[in-house]
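> sequence unavailable; structure follows:
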């Protein structure tokens, strides 16, 4: 993984590359891939971010993902992040469920992202996954209904990274779950 990432214009077209820390500091638009990992019970894989992470240490997150490397597609980044972060390398059920443009954290208005959102079915239990220890300290599956409740409860939501686009993709998540549980 490089310290450089591509920067894009308002239309998500590559216009250059820059060090990741400067992209966040300068407020450049850039690309990120997110994957919602869902088990056969319709539960979402959640992970607690490692205490040593620069951004959002020790908070829970509902997605696996990260920045696109230079020249990488959103789908390639999603697959790379799945394998690197939790050891998932079977991508047969990976599907794109949406795209979002905006500022994922209101406390960091200079962090401007295009995010392609994917979902994948995982038939494995958390005990068989291989979390990357410098990124993830704990894994667990949580019922989608509970995640919906957390997203609406300000106190509980503070323990999580972000729910910025959650309501927008919720119908697609539910459709994905129904498809694989029918």
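The structure has been received and is ready for your questions. Everything quoted here is computed from the prediction, not taken from an experiment. Numbers count the residues shown, from 1 in each chain.

> the chain: helices as residue ranges?
Counting by DSSP state H, the chain has these helices, from start to end: 20-26, 74-86, 144-152, 154-157, 166-180.

> dump these into CSV; add mean pLDDT, mean neighbour count and distance to residue 66 as well.
(Glycine included, C-beta is placed from N, CA and C.) CSV is the format used below for those (pLDDT from 0 to 100; neighbours: other C-beta atoms under 10 Å; distance: least, C-beta to C-beta, whole Å):
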stretch, mean pLDDT, mean neighbour count, distance to residue 66
helix 20-26, 92, 15, 10
helix 74-86, 97, 20, 5
helix 144-152, 94, 15, 21
helix 154-157, 92, 11, 22
helix 166-180, 90, 15, 18
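
> mind checking these for the one nearest to residue 130?
Closest to residue 130 of these, according to C-beta to C-beta: helix 74-86, at 6.4 Å.

> centre of the chain to the closest one, how far?
Between the centre of helix 74-86 and the centre of its chain there are 10 Å (C-alpha atoms, centre = their mean, to the nearest Å).

> try stretch 108-116
Taking C-alpha atoms, centre = their mean, the mean C-alpha location of stretch 108-116 is offset from the chain mean by 12 Å.

> return the set of buried residues in it.
Residues of stretch 108-116 classed as buried: 111-116 (neighbour count, 16 or more other C-beta atoms under 10 Å).

> out of the residues you listed, which are inside strands?
112-116 (DSSP state E).

> the nearest residue to residue 143 once chain neighbours are set aside: how many residues sit nearby?
Spatially, and ignoring its direct neighbours in sequence, residue 143 is nearest to residue 43 (5.3 Å; C-beta to C-beta, 6 or more residues apart in numbering). Neighbour count for residue 43, taken as other C-beta atoms under 10 Å: 19.
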